[in-house]
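Chemist: Return a 3D structure for these sequence lines:
(chains A and B)
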Amino acid sequence: MKAEYKEKFLVHKIQQMGDTDSFATLYDLYIQKIYRFVYMKLGNREEAEDITSEVFLKVWNYLIDNREAVINSFSGLIYRIARNTLIDYYRKNHNLEISIEEVGDIFAETKILKNLGDKQEIERVAKALQKMKREYQEIILLKYVEEMSTSEISDILQKNTTNVRVTLYRALKILKKMLER
Amino acid sequence: MKRMKEQLKNLKNTEVLTARPSWVLENKKMLMSQIAKTTVETIHNENENILTEKLKNIAHVYQMLLPKNIGRTLKPVFTTVLALIITSGGWIASAYAEPGDIMWSTKKAISNVVEQGQLVVTSKENKASLNLEFASKRAQVLKEVADSDANINVKTKIIRQASDELQQKLDTAKEELKDSDVIKISDLVKDVALKTQEISSTLKEVASQNVVDASLSKELSAKAVDVSQTSLQMVERVLEKKVESKTAVSEEEKIIIKDHLATAVEEIKKDTEKAKEDLVGLSASANNNVATSESQALNTTSTLIKEDVSVTTTNTTTSSVELKTTTPVQDAQIKTTELTSKVAEMSKAVESEKTTVTNLVETNILEAVKKTIELKTSVDTVSKEVVTTKEQILTTTPVIPIILPVVNSNTSSVVTTTSSSVEKF
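Modeler: Numbers count the residues shown, from 1 in each chain, chains lettered A, B, ... in the order given. Below is the predicted model:
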């Protein structure tokens, strides 16, 4: 079964039957993606774990509370919930936003895959990414780290595909400039 | 630009951007227990009108399956096709079947046919992954059945069948790893480590729920141990393949394997502790049984001696009398003593091997897996021995020792007298 339809059927089973096994399958599919998405924005393992957990619980509650809602894309739903949860988190803890210096430290401390090339280069990319506007950061993360299609991104960010393409082009240009400095 | 895109793509492989596998599992368990409560509420609030509910279900499926950008003219065509599929298959009805329902067997049959179909169209190198997926599904069925309202006989029957199938699928997956492609295997490390851990914990959970008869619960616990072992063997096979093909183990795989080994070593430690605890209880009951049987034996022996004395006085040909004592209770006590020293040795070995494994993980991950398997095998063997001895001791009531005087061939009268004295007692 095509992955998209498999996910739709799992969502349907959750909404109509409160099927926890279907939710478990979706959890397995998305846990690393959502963790990565959250961690890139927070830079703290414990907080990223807490937020990720919260996101999954919110997704479950949403599906159970909106049994009639037609969910065309589960990935769209879960990333939207993740974004909103992060926004709420920033609102409550605006002083806790990660500093640029900290980002460098986080990546400097980690063991990076050999095939990633120079460690310093990765640090630079990560630092530059963190320095970018949230809108640009998100779009690059979804497109190149999560390797999503433009239509999937447009669903998550709730923008039209042309808008996504334009933003992505701008974001890449800015990132490139930042790295050339 | 291309290089930058490549770097961004590889950013997700950094250790820091990978959630710890142990947290992933723990969090899943916690979430599942949290949402299980919501499920109950949902079921209680369900609409009483089942027909309306089912129609709503069908309408919901239809809306979800309807492609987003389908035009108005294509909608009737799509609807007709969908209606044909639904009416000819009848799978919607069976999809909602609960264990014990009439449609449950249909649901199982359909899922088996689908699985067989998937296996037919899947390439040889992907079959291991698919069988692992099937095994994981069986574990979900076990949980579903254990939590259902079906009666104990239905539960026992379905759980026994599902656990046998699970074992079979897992064994097949292990065998098929031989034919798997090295590139495909990279994804399998994650699957093997996470899914088998989950299967094992589901088996343990269902076994501890006491929803089936005691013998099946015992079987499930044993299967959980076997699954952990199979899991390590599968990881070993994957790594061997990588070594053969000179493919490097990626950082991500290392993290997953490290975590998997850490969990396995913890499990081994727990099993050793459990064996120790069991032995403490065993020693106490074995000693108690021996004390009881010895006091009874003392009475018996004194009676026998009294009668033997009368025999020896009349029969002067008796040259020597040796006493040979054999009782199941004393056997059990000897076995318990032996096991105690074995478990003590094992406990020491676990501690020292734990350090060895931790060091090896950094330098030779395959060797670390092999060491863990060795350790697990020996701990499992001793644990099984402890369980068997425990059962023997629990079923052995204190018995009176039969004391047979071993005499020369010309002392037939002594034997006769002793036998009769036993009968008298």
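
Chemist: With adjacent residues omitted, what lies nearest to the residue most central in space within chain A?
Modeler: Centroid-nearest residue in chain A, with CA atoms, centre = their mean: A:Phe37, separated by 3.2 Å. Sequence neighbours aside, A:Ala82 is the residue nearest to A:Phe37 in space, at 5.7 Å (criterion: CB to CB, 6 or more residues apart in numbering or on different chains). Backbone N, C-alpha and C define where each C-beta goes, glycine included.

Chemist: Can you report how many residues lie near the one you found?
Modeler: 25 (other CB atoms under 10 Å in any protein chain shown).

Chemist: Next to chain A, which bits of the stretch 101-250 of chain B? Give me the list.
Modeler: Within the stretch 101-250 of chain B, the positions adjacent to chain A are B:Gln140, B:Lys143, B:Glu144, B:Leu194, B:Ala248, B:Ser250 by CB under 8 Å from any CB of the partner chain.

Chemist: show me the contacts for the residue nearest to B:Asp213 when sequence neighbours are not counted.
Modeler: Leaving aside its chain neighbours, B:Asp213 sits nearest to B:Thr156 (5.7 Å; criterion: CB to CB, 6+ apart). With contacts defined as CB atoms under 8 Å, 6 or more residues apart in numbering or on different chains, B:Thr156 is in contact with B:Val212, B:Asp213, B:Leu216.

Chemist: So what's the gap between stretch A:142-160 and the chain middle?
Modeler: Averaging C-alpha positions (CA atoms, centre = their mean, to the nearest Å) puts stretch A:142-160 10 Å from its chain's average.

Chemist: Let me fix that, I meant to ask about stretch A:77-89.
Modeler: 9 Å.

Chemist: which residues sit against it?
Modeler: A:30, A:34, A:37-38, A:41-42, A:47, A:51-52, A:54-55, A:58-59, A:62, A:71, A:138, A:142, A:156, A:158.

Chemist: Weed out the non-buried ones from these.
Modeler: A:30, A:34, A:37-38, A:41-42, A:47, A:51-52, A:54-55, A:58-59, A:62, A:71, A:138, A:142, A:156 (16 or more other CB atoms under 10 Å in any protein chain shown).

Chemist: Relative to B:Asp380, how far out is B:Thr340?
Modeler: Distance, B:Thr340 to B:Asp380, by CB to CB, to the nearest Å: 18 Å.

Chemist: For the contacts of B:Thr156, which entry has the maximal number of neighbours?
Modeler: Busiest of those [other CB under 10 Å] is B:Val212, holding 24 neighbours.

Chemist: buried ones in the helix or strand hosting B:Met4?
Modeler: Element membership of B:Met4, judged by DSSP states H and E, is helix B:2-10. Counting neighbours by 16+ other CB under 10 Å, one finds that the buried residues in helix B:2-10 are B:Met4, B:Gln7, B:Leu8, B:Asn10.

Chemist: Pick out the most distant pair among the residues of the stretch 101-250 of chain B next to chain A.
Modeler: For those, the farthest-apart pair by CB to CB is B:Glu144 and B:Ala248; their separation is 40.2 Å.

Chemist: Surely B:Gln197 is in contact with B:Ala262, unless I've mixed up the numbering?
Modeler: No. Using CB atoms under 8 Å, B:Gln197 is not in contact with B:Ala262, being 11.2 Å away.

Chemist: quick one, which of those two is more surrounded?
Modeler: Set side by side, B:Gln197 and B:Ala262 show more neighbours around B:Gln197, with 22 against 17, by other CB under 10 Å.

Chemist: List the contacts of that one.
Modeler: Contacts of B:Gln197 by CB under 8 Å, 6+ apart are B:Leu25, B:Ser228, B:Ser231, B:His260, B:Thr263.

Chemist: still on that earlier bit, how much space between the residue nearest to B:Asp213 and B:Phe134?
Modeler: Taking CB to CB, one finds B:Thr156 at 22 Å from B:Phe134.

Chemist: what does stretch B:350-369 contact?
Modeler: Outside stretch B:350-369, the residues that reach it (CB under 8 Å, 6+ apart) are B:232, B:235-236, B:239-240, B:243, B:249, B:254, B:257-258, B:261, B:265, B:268-269, B:272, B:371-372, B:375, B:379.
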